[in-house]
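1. The following block contains a protein sequence and its predicted model.
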Amino acid sequence: MKVPFLDLKIQYNSIREEILEELIQVMENTAFASGPFVKKFEEAFAAYCQCRHAIGVGSGTDALWTALLGLGVGPGDEVITVAHTFIATCEAISFTGAKPVFVDIEDRTCTMDPTLIEAVITPRTKAIIPVHLYGQMADMDPIMEIARKHNLFVIEDAAQAHGAEYKGRRAGSIGDAGCYSFYPGKNLGAYGEAGAVVTNNDELAARIRMFRDHGQRQKYYHSIIGWNSRMDGFQGAVLGVKLKHLPQWTEARRNNAALYNELLAGMPGIELPVEAAERIHVYHIYPIHTANRAAFMEALEKQDIHCGIHYPVPVHLQDAYHSLGYTEGSLPVTERRAAQEVSLPMFAELTPEQLQAVANTIKNYIKM
Ligand SMILES: Cc1ncc(COP(=O)(O)O)c(C=O)c1O
């Protein structure tokens, strides 16, 4: 049975009429760049994230970059983050002129290990960016405690964590800002590029709003040197429609993960993802870990089951970050996880038959 890693067409077909109706409205109102559809979505998304503000921007990368700039991070500063992430987390730091400093991850959750943070804090440290990887939030209480103690900002990279919770609090609502990506394959995906910063800080929200629109306080009156990072009207409209369906899609992802957990329980050589206590994991990715990844993936591919790897090379070992001076062995947990991770097919519309087919194929592979 064919099981794609992700199928965006099924979801589109299920909401086609609603989406097309809303897109026509964008055109009828010529609301192409920013405008009322973006504003309506921002209000709904802020409420969804338990925050006072959501500021729509061009991508998740822009969300991280504008949040850092808005908090005054710049040349000479250091920002602590993880290397087990998509490179955008670090690119955003680099593009402020600051330097990324990596800490290793917790083995169990694959998110930032708070016990390692204090050792890398220097007088230049300005902020911490925990990444809520795969759809599960990092351990925010100790991270916030360290940040307060050392007077550091916390920016949550929530690009993979729409709807995820930590002790009843939504991703992005605990730190100074939370940054979301709406890249099409995300749990809440646009039909193009888009992102948002959420925050409870009124001043920060105002600064990012101004920055994303060429630093304008009103048309052609520029208070600061800004940039064009506006969300476009079509994306605001699509996201507004899709946000209403997100709770149901999240539930479906969680049910799919629960069925994987049940079907794959106790299989030798396969480590399943863990949902930590008092957290709601939204399973953007369902990551398993196995020692012989290439053979495992080849066996599944032969049966038309398509997996991914998130991510094969951690950021500290990427050529682009060679100059930071990290080498193999610098972040042992990150490196081991990166070598063993396989992302099984995961999206809301997967059927129990497809999940069973994945589990059966893995079972047969293990018996070989
Ligand atoms: C953890 C993480 N951070 C940042 C980003 C960047 O988001 P975007 O692709 O919307 O720029 C992504 C998206 O791929 C991501 O997964």
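-> Ah, there it is. Residues are numbered from 1 along each chain as shown.
2. List the buried residues in stretch 279-293.
-> 279-290, 293 (16 or more other Cβ atoms under 10 Å). Any C-beta I mention is one placed from the backbone N, CA and C, and that applies to glycine too.
3. hmm, it in reach of the ligand?
-> No - judged by Cβ under 6 Å from any ligand atom, stretch 279-293 makes no contact with the ligand; its nearest approach is 8.0 Å.
4. Kindly check the end-to-end length of stretch 317-329 for me.
-> Taking Cα to Cα, to the nearest Å as the measure, stretch 317-329 stretches 10 Å from start to finish.
5. Let me know the average pLDDT across it.
-> For stretch 317-329, the mean pLDDT works out to 98.
6. swap in stretch 99-114?
-> The average pLDDT within stretch 99-114 is 98.
7. Which positions within that stretch qualify as buried?
-> By 16+ other Cβ under 10 Å, the buried positions in stretch 99-114 come out as 99-106, 109-114.
8. Could you give the number of residues near Lys2?
-> Residues lying near Lys2 (other Cβ atoms under 10 Å) number 11.
9. Kindly report the same for the one 3 residues further on.
-> Under the neighbour criterion other Cβ under 10 Å, Phe5 is assigned a count of 15.
10. near the ligand, which residues of the stretch 101-250 of the chain?
-> So far as Cβ under 6 Å from any ligand atom goes, the stretch 101-250 of the chain lies against the ligand at 131, 157, 159-160, 181, 183, 195.
11. go with 8 Å
-> The stretch 101-250 of the chain has residues 131-133, 157, 159-160, 179, 181-183, 186, 193-195 near the ligand, with proximity defined as Cβ under 8 Å from any ligand atom.
12. Could I have the buried ones of those residues as ChimeraX selection syntax?
-> Entered in ChimeraX, the line below selects the buried ones among those, by 16+ other Cβ under 10 Å:
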select :131,132,133,157,159,160,179,181,182,183,186,193,194,195
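13. List just the nearest of the residues of the stretch 101-250 of the chain next to the ligand to Lys363.
-> Using Cβ to Cβ, Leu133 comes nearest to Lys363 of these, at 27.3 Å.
14. Would you quantify the distance from Lys198 to Phe45?
-> Lys isn't right for residue 198; it's Val. Counting by Cβ to Cβ, to the nearest Å, the separation of Val198 from Phe45 is 7 Å.
15. Overlap in contacts, those two.
-> 54, 180 (Cβ atoms under 8 Å, 6 or more residues apart in numbering).
16. okay if I get the buried residues of stretch 99-114 as CSV plus distance to Ile224?
-> Listed next are these as CSV, based on distance: Cβ to Cβ, whole Å:
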residue, distance to Ile224
Lys99, 24
Pro100, 25
Val101, 28
Phe102, 31
Val103, 32
Asp104, 37
Ile105, 36
Glu106, 39
Thr109, 38
Cys110, 38
Thr111, 34
Met112, 31
Asp113, 37
Pro114, 34
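17. more neighbours, Val198 and Phe45?
-> For Val198 versus Phe45, neighbours defined as other Cβ under 10 Å are more numerous around Val198 (29 against 26).
18. show me what contacts that one?
-> Val198 is in contact with 45-46, 49, 51, 53-55, 158, 172-173, 177-180, counting by Cβ under 8 Å, 6+ apart.
19. Return the subset of the residues you listed lying in helices.
-> 45-46 (DSSP state H).
20. And the contacts of Val198, which is closest to the ligand?
-> Cys179 (7.1 Å; Cβ to the nearest ligand atom).
21. could you pull out the strands for this structure?
-> Secondary structure of the chain (DSSP state E): strands at 53-57, 78-82, 99-103, 125-128, 153-157, 165-166, 169-170, 177-181, 195-199, 216-218, 221-222, 279-280, 286-289, 341-344.
22. between the first one and strand 195-199, how big is the angle?
-> Read that as strand 53-57. 160 degrees (axes from the mean of the first three to the mean of the last three Cα atoms, to 10 degrees).
23. CA atoms only for strand 53-57, dumped as PDB, please.
-> Provided in PDB are the C-alpha atoms of strand 53-57 (Å, rounded to 0.1, in the frame of the first residue of the first chain):
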ATOM      1  CA  HIS A  53      -0.500  40.000  19.500                       C
ATOM      2  CA  ALA A  54       0.300  38.000  16.400                       C
ATOM      3  CA  ILE A  55       2.200  39.800  13.600                       C
ATOM      4  CA  GLY A  56       2.000  38.100  10.200                       C
ATOM      5  CA  VAL A  57       5.300  38.200   8.300                       C
END
